[in-house]
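K.L.:
could you look at this predicted model? Sequence included:
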Amino acid sequence: MKLQFLADNESALPQIAKWYSDEWGYIGEGRSTKDLELKLRDYLNHDKLPLIILAQDDNELLGAAQLRFHEMDIYPEREHWLGGVYVALEHRGEGIAKALVSAIIDKAKELGINSINLQTEDLSGGLYSTLGWQPVEQVTYHGIKVLVMEKSL
């Protein structure tokens, strides 16, 4: 498996937009594949936020994860967020999400970021709990119950 920035493989953008729309499109407006493809163009970065890291094997796209600013408007003081962690259905359980999260953490440290936040619909914290993320609080955000978590770097 190889990790790289979306900025180095712009051709992956339509697939990522489709994944995100299929997985989270129910949340609200602006989540159609076309809308997301346009929005994700802002993520074509290497050394500034927002950015996306991809997991690939040969020429197959396996997954993606984002490092971004201010994901939840109810937490204006929480600047940096892990988001959009997605692994293709047929490749789940192979450690890809763990590798993507680790790569995002490494990049955040490189950029001088001291802590990262995330929100997950898995109210137990799931994978993130096993990776050292700490629960902040459980909230209902856009009608969905989520657990907000933080990791100090």
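P.N.:
In hand now; what should we look at? Numbers count the residues shown, from 1 in each chain.

K.L.:
switch to C-alpha atoms for all contacts and neighbour counts from now on
P.N.:
Fine.

K.L.:
max-length helix in the protein?
P.N.:
For the chain, the helix with the greatest residue count under DSSP state H is helix 96-110.

K.L.:
need the mean per-residue confidence for it.
P.N.:
If you average the pLDDT over helix 96-110, you get 98.

K.L.:
for the remainder of this discussion, apply numbering that starts at 19.
P.N.:
New numbering, starting at 19: the last item is helix 114-128.

K.L.:
tell me which other helices or strands that helix touches.
P.N.:
Using 3 or more CA pairs under 8 Å, 6 or more residues apart in numbering; DSSP states H and E as the contact test, the elements touching helix 114-128 are strand 69-75, strand 78-87, strand 98-105.

K.L.:
kindly export that helix (C-alpha atoms) in CSV.
P.N.:
Extracted as CSV, the C-alpha positions of helix 114-128 are listed here (Å, rounded to 0.1, in the frame of the first residue of the first chain):
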residue,chain,number,x,y,z
ILE,A,114,-6.0,1.0,5.9
ALA,A,115,-7.9,3.4,8.1
LYS,A,116,-5.3,3.1,10.8
ALA,A,117,-2.5,3.9,8.3
LEU,A,118,-4.4,6.9,6.9
VAL,A,119,-5.1,8.3,10.4
SER,A,120,-1.4,7.8,11.3
ALA,A,121,-0.3,9.6,8.1
ILE,A,122,-2.7,12.5,9.0
ILE,A,123,-1.2,12.7,12.5
ASP,A,124,2.3,12.7,11.1
LYS,A,125,1.4,15.5,8.7
ALA,A,126,-0.3,17.5,11.4
LYS,A,127,2.8,17.3,13.6
GLU,A,128,5.0,18.3,10.6
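
K.L.:
can you point out the buried residues in it?
P.N.:
Buried residues in helix 114-128, counted by 16 or more other CA atoms under 10 Å: 114-119, 121-123, 125-126.

K.L.:
farthest residue from the center of the protein?
P.N.:
Each residue of the chain has a distance to the centre, and by CA atoms, centre = their mean the biggest one is for Asp76: 22.1 Å.
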